[in-house]
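*Asks:* Compute the structure for the input listed below.
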Amino acid sequence: MLPRRTAMTLVELLVVVAIIGVLVALMLPAVQAARASARSASCKNNLRQIGLAVLQFCELHKGAFPEWHHSGDKKSWGYTLAPHLESVDAIRICPEDKYQIERRLARSTSYVINDYLAADDVPERVRNLNKLQATSHTIVVFEGADEPEPNFTDDRAKYDHAHASQWFSQLNRDWGLVEAAIKKDIQLDRHFEAAHYLYVDGHVELIAAAQIEEWIDAEINFAEPQ
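*Replies:* Numbers count the residues shown, from 1 in each chain. You can find the predicted model right below:
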């Protein structure tokens, strides 16, 4: 009687390793997608907290919106909203932002405020919440652009606003530069070819880059106060 073989042959071992490799390869995209989804949810939660902070600020200042950094560092929304965010710098950083480390070290932000609401010297500005007709249709904060690559040793570290009031200027329309101007300010595709947009009433929408591009083609200024 021949003795029973208990050890695996090299061929059997290679087959098992190959099967494990195939299973890992099949699971990896799902794991990566789940992680990306978690980062997207974290970003959305950040914006919701910023939205609550904006509303609290407006309530304390008779409806006035926070300002951009051109008004002075201590008037920038990143500074004035800090007490309403428990001074947690991480809330201003999107976990999907490829420059998140640099922005955190510079106490900068992944998010940018709409200059229509934050600046005193732009056309058609609305600096007070009480003067808006539709807070649920007015964007207050966008996800800031990744490009051009920020240099955190200069004024780029204070990048905290979008020049939305200039996007659809006559010059940009005439020269076909509207889309380029928008993409210089905000990131359209940070999360699954989409990005988050914070509205004045505090809700956050995930809007596909393709939808924004359709609005651009139709010359719809989606950043205008409503």
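*Asks:* wait, doesn't Pro66 sit right on Phe57?
*Replies:* Yes: contact status for Pro66 versus Phe57: in contact at 5.3 Å, counting by Cβ atoms under 8 Å. In this view, the C-beta of every residue, glycine as well, is placed from N, C-alpha and C.
*Asks:* and the one residue sitting closest to the centre of the chain, bridged to which residues?
*Replies:* The centroid of the chain falls nearest to Glu143 when counting by Cα atoms, centre = their mean (2.4 Å). Note on Glu143: beta-bridge partners by DSSP bridges are Tyr111.
*Asks:* Pull the contacting residues for it.
*Replies:* Glu143 sits next to Cys43, Cys94, Ser110, Tyr111, Val112, Ile186, Gln187, Arg190, Ala195, His196, Tyr197 when contact means Cβ atoms under 8 Å, 6 or more residues apart in numbering.
*Asks:* Highest neighbour count among those?
*Replies:* The residue in those with the most neighbours, by other Cβ atoms under 10 Å, is Tyr111 (28 neighbours).
*Asks:* shouldn't that residue be in contact with Val141?
*Replies:* Yes: Tyr111 lies in contact with Val141 (Cβ under 8 Å); the separation is 5.1 Å.
*Asks:* contact partners of stretch 164-175?
*Replies:* Under the criterion Cβ under 8 Å, 6+ apart, residues 114-116, 119, 122-125, 142, 177-178, 181-182, 185, 219, 221, 223-224 lie in contact with stretch 164-175.
*Asks:* Buried among the residues you listed? Make that a PyMOL selection.
*Replies:* Buried residues among these (16 or more other Cβ atoms under 10 Å), as a PyMOL selection:
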select buried, resi 114+115+116+119+122+125+142+178+181+182+185+223+224
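*Asks:* Tell me which of the contacts of stretch 164-175 fall in strands.
*Replies:* Those of the contacts of stretch 164-175 mapping onto strands are Asn114, Phe142, per DSSP state E.
*Asks:* any residues in contact with both of Tyr111 and Val141?
*Replies:* Leu47, Ile50, Leu198.
*Asks:* so can I have JSON lines of those showing secondary structure?
*Replies:* What follows is those, written out as JSON lines (DSSP: H, G, I helix; E, B strand; the rest coil):
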{"residue": "Leu47", "secondary structure": "helix"}
{"residue": "Ile50", "secondary structure": "helix"}
{"residue": "Leu198", "secondary structure": "strand"}
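*Asks:* would you turn the residues you listed into CSV with neighbour count?
*Replies:* Output for the shared contacts of Tyr111 and Val141, formatted as CSV (neighbours: other Cβ atoms under 10 Å):
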residue, neighbour count
Leu47, 25
Ile50, 25
Leu198, 25
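*Asks:* mind listing the helices for the protein?
*Replies:* 10-60, 77-80, 100-105, 115-118, 164-167, 170-174, 178-185, 209-217 (DSSP state H).
*Asks:* which one of these lies closest to Asp89?
*Replies:* Asp89 lies closest to helix 100-105 among these, at 6.2 Å (Cβ to Cβ).
*Asks:* Averaged pLDDT, that closest one. What do you get?
*Replies:* For helix 100-105, mean pLDDT rounds to 87.
*Asks:* Pull the distance from the least confident helix or strand in the chain by mean pLDDT to the chain's centre.
*Replies:* Across the helices and strands of the chain, mean confidence by mean pLDDT, DSSP states H and E is lowest for helix 10-60: a mean of 84. Its chain's average C-alpha position is 17 Å from that of helix 10-60, according to Cα atoms, centre = their mean, to the nearest Å.
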